[in-house]
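Undergrad: mind looking at a prediction? Sequence and model below.
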Amino acid sequence: MRRIFLVEDDGAIARNLTRLLRSEDFAVTQASTQAEAFSILNEERFDLALVDVSLPDGNGFTVCTEIKETQDIPVIFLTASGDEASVVTGLNMGADDYITKPFRPRELVARIRAALRKSGQAPSAFEIFGLEVDTASGVVKKDGKEVFLSALEYRLLLVFVSNPKSIMTRDRLLGELWDAAGEFVTNNTLTVYIKRLREKIEDDPADPKIILTVRGTGYRLGDGHAS
């Protein structure tokens, strides 16, 4: 389970974010102040940090510097609407991304997963039923032969590879794919992309073993995986 460090002093926002992230299979540790954040960073390790720019005893930039020096994990800043100066400062200090409040939950989760993949926190090699996925090189092979996927098909496959034990609801998949290849993905087109992906990676697309349908819920990865 990936560990998220949330530095946010607004109690309501922190509670809602913690609830959202835990529902997406993340473990969350929260700090409300710069001092509390420093104390926790000395004791615990994380996979990614969400940091509010404005803190009661300092600012998120100092926290970002400490994170990058001690743990070197992705940092996503939470910024006030229209605060362009904060965005520029944060990115110049090494932040990996930013998201403006108020934000859409689905967008935040997609940004978090993208940052984790980019930083190499997702597994770099994955194999299931003769399908090999190397996320470091972006190469996909089936029974030793390279399979050529579109950008959106590859993104879809990465979602399953990155969440091998989770049932992926259709809403969650739509959230992951919302900006892939600049295409707008709807419920109907998601069904089409699942079908196309199965045709390229399954031995028998009519009887899939890699991407399984969970009726009434969504999809999940088959049980024959090894990373």
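TA: Structure's in. What do you need? Numbering: from 1, shown residues only.
Undergrad: quick check: which ranges of this structure have low pLDDT?
TA: Low-confidence segments of the chain (pLDDT under 70): 81-83, 120-124, 136, 178-184, 225-227.
Undergrad: center of it, which residue is that?
TA: Centroid-nearest residue in the chain, with CA atoms, centre = their mean: residue 113, separated by 1.0 Å.
Undergrad: tell me which element that one is part of?
TA: helix 105-118 (DSSP states H and E).
Undergrad: other residues contacting that helix?
TA: Helix 105-118 is contacted by residues 2, 4, 17, 20-21, 24, 26, 47-48, 50, 74, 76, 96-97, 99, 122, 135, 158-159, 162, 171-172, 174-176, 178-179 when judged by CB atoms under 8 Å, 6 or more residues apart in numbering. Just so you know, the C-beta spots here come from the backbone N, C-alpha and C atoms, and that holds for glycine as well.
Undergrad: can you count the residues close to residue 55?
TA: Neighbourhood size, residue 55 [other CB atoms under 10 Å]: 22.
Undergrad: partner residues bridging it?
TA: residue 58 (DSSP bridges).
Undergrad: I'd say it and residue 38 touch.
TA: No. Counting by CB atoms under 8 Å, residue 55 stays clear of residue 38, with 11.1 Å between them.
Undergrad: now do the shared contacts for these two.
TA: Common neighbours of residue 55 and residue 38 (CB under 8 Å, 6+ apart) are residue 63.
Undergrad: give the burial count for the closest residue to residue 171 other than its chain neighbours, as a bare number.
TA: The shortest distance from residue 171 to any non-neighbouring residue, by CB to CB, 6 or more residues apart in numbering, is to residue 106 (7.6 Å). Number of residues near residue 106 (other CB under 10 Å) recorded here: 16.
Undergrad: what's the spacing between residue 106 and residue 151?
TA: 19 Å (CB to CB, to the nearest Å).
Undergrad: domain ranges for this protein?
TA: For the chain, automatic domain parsing gives the domain ranges 3-118, 125-226.
Undergrad: so of the ones you listed, which one's packed in deepest?
TA: Ranked by mean neighbour count, the domains of the chain are led by domain 3-118 with a mean of 17 (mean count of other CB atoms under 10 Å).
Undergrad: can you give me the helices in the protein?
TA: 11-23, 34-43, 60-70, 84-92, 105-118, 151-162, 170-177, 187-201 (DSSP state H).
Undergrad: between those helices, which one is nearest to residue 129?
TA: helix 187-201 (8.6 Å; CB to CB).
Undergrad: show residues contacting that closest one.
TA: Applying CB under 8 Å, 6+ apart, the contact partners of helix 187-201 are 131, 140, 142, 147-150, 152-153, 156-157, 170, 173-174, 177, 183, 185, 205, 208, 210-211, 219.
Undergrad: go again with 10 Å.
TA: Outside of helix 187-201, the residues within contact range by CB atoms under 10 Å, 6 or more residues apart in numbering are 128-131, 133, 140-142, 147-150, 152-157, 160, 170-171, 173-174, 177, 180, 183, 185-186, 204-211, 213, 218-219.
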